[in-house]
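Asker: Following is a predicted model, sequence given first.
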Amino acid sequence: MQLTQHFPEQELKDLLEHTCQAIPRDQLHLPGPDAVERLFLPSNRPPQVLRNLAALYGHGRLAGTGYASILPVDQDIEHSAGSAFAPNPIYFDPENILKLAVEGGCNAVATTFGHLALFSRTYAHKMPFIVKLNHNELLSYPNKYDQVLFGTVKDAWNLGAAAVGATIYFGSQESTRQIVEIAQAFEEAHSLGLPTILWCYLRNKAFVKDGKDYHTAADLTGQAIHIGATIQADLVKQKLPDLNGGFTALQFGKSHPAMYDKLTTNHPIDLCRYQVLNGYAGRIGLINSGGESKGEKDLTEALRSAIINKRAGGTGLILGRKAFQRPFKEGVQLLNAVQDVYLNKEVTVA
């Protein structure tokens, strides 16, 4: 794919020619074909975890690169099935979710117990399953924002999962319970040979101040990633940062001036690199989320996210709504276009 077709010349030049000087690339542990052995062989992860990590990284169009393209479909619980699937009702049938992941050349599909349990014997050997252990649901009234377990790690193992995923709403009143709950679940997952992926999201109304939304601030999201690595996530998922200074603007927590004037800049690649740094300098791979579908701009936004993530030293994209909220063939094409960024040797780590 010619990236010049999707970006103004100056914007593309700014993305592809930027050099990260605050945190040089040689200070990071970068993705590569040997990532599993290089990053996890010295660790406490059992051999079965290494085997399943290798299976995840060895599948799909990005196999053998150390990068990951994951299709996540849990918005039918997190929001509602109607809001998630109304743009393309074929996905009310969960088999089409699995078909999209297969046809789209993904490394893995991340979705619910219910979706995967129905097709375990048909697809577990064709597509690595990442079972999402917990969810928020907005059917409770008034709405609340709390991630609760929808099943057990053993359930995930029984249906043939290659890994498990979970969300913690860092900053929420329930976050302390969630940290303990998911840390225990991840310990059990590793004991059963399952790698772990943490959605390191922030959730607190107080994180919006003076018209700025600090849920995507580099410093706050970076600390969420760091805590995720601490409870032994093998991959962390995070939204791309688009601003900084959450700790100072909200006047809480602990910060240091160097976090803002030495370790990063306002450039999107530098902001994302600060996230990578917080994942143990890249030892715990960062996958950024694709975000909601906005129609015609989806492809350009997805490509931009992929370029930023790859050039920052990240491990890939986990992209769902932009793919499944459009016709099937277009969803496959969008997933492939994003994967092409990671296959493109001209898009280098900054």
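Answerer: Good, I have the coordinates.

Asker: Count the neighbours of residue 230 for me.
Answerer: 12 (other CB atoms under 10 Å). Placement of C-beta: from N, CA and C, glycine included.

Asker: Next: residue 70.
Answerer: 29.

Asker: beta partners for it?
Answerer: Residue 70 has these beta-bridge partners by DSSP bridges: residue 108, residue 318.

Asker: tell me the pLDDT at it?
Answerer: pLDDT, residue 70: 98.

Asker: Isn't it up against residue 104?
Answerer: No. The criterion here is CB atoms under 8 Å, and residue 70 misses it with residue 104 at 10.3 Å.

Asker: gap between the two ends of stretch 339-350?
Answerer: 18 Å (CA to CA, to the nearest Å).

Asker: In the protein, mark out all the strands, start to finish.
Answerer: Assigned by DSSP state E, the strands in the chain fall at 68-73, 108-111, 129-132, 134-135, 148-149, 163-170, 196-202, 208-209, 212-213, 235-238, 285-289, 316-318.

Asker: out of those strands, nearest to residue 34?
Answerer: With CB to CB as the measure, strand 285-289 is the member of the strands of the chain nearest residue 34 (13.3 Å).

Asker: Just checking: what are the partner strands of the closest one?
Answerer: strand 235-238 (parallel), strand 316-318 (parallel).

Asker: now those strands as TSV including mean pLDDT and mean neighbour count?
Answerer: What follows is the strands paired with strand 285-289, written out as TSV (pLDDT from 0 to 100; neighbours: other CB atoms under 10 Å):
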stretch	mean pLDDT	mean neighbour count
strand 235-238	98	27
strand 316-318	98	28
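
Asker: picking up where we left off before, distance to residue 121 added to the strands of the chain, as TSV?
Answerer: Shown next, in TSV, are the strands of the chain (distance: least, CB to CB, whole Å):
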stretch	distance to residue 121
strand 68-73	20
strand 108-111	15
strand 129-132	12
strand 134-135	24
strand 148-149	24
strand 163-170	19
strand 196-202	24
strand 208-209	46
strand 212-213	44
strand 235-238	26
strand 285-289	28
strand 316-318	25
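
Asker: right, so of these, which gets closest to residue 18?
Answerer: strand 285-289 (16.6 Å).

Asker: Alpha carbons of the closest one, as CSV, please.
Answerer: Output of strand 285-289 as CSV, limited to C-alpha atoms (Å, rounded to 0.1, in the frame of the first residue of the first chain):
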residue,chain,number,x,y,z
GLY,A,285,4.9,-5.3,24.4
LEU,A,286,2.6,-2.4,23.8
ILE,A,287,-0.4,-2.9,21.6
ASN,A,288,-2.5,0.2,21.0
SER,A,289,-6.2,0.2,20.4
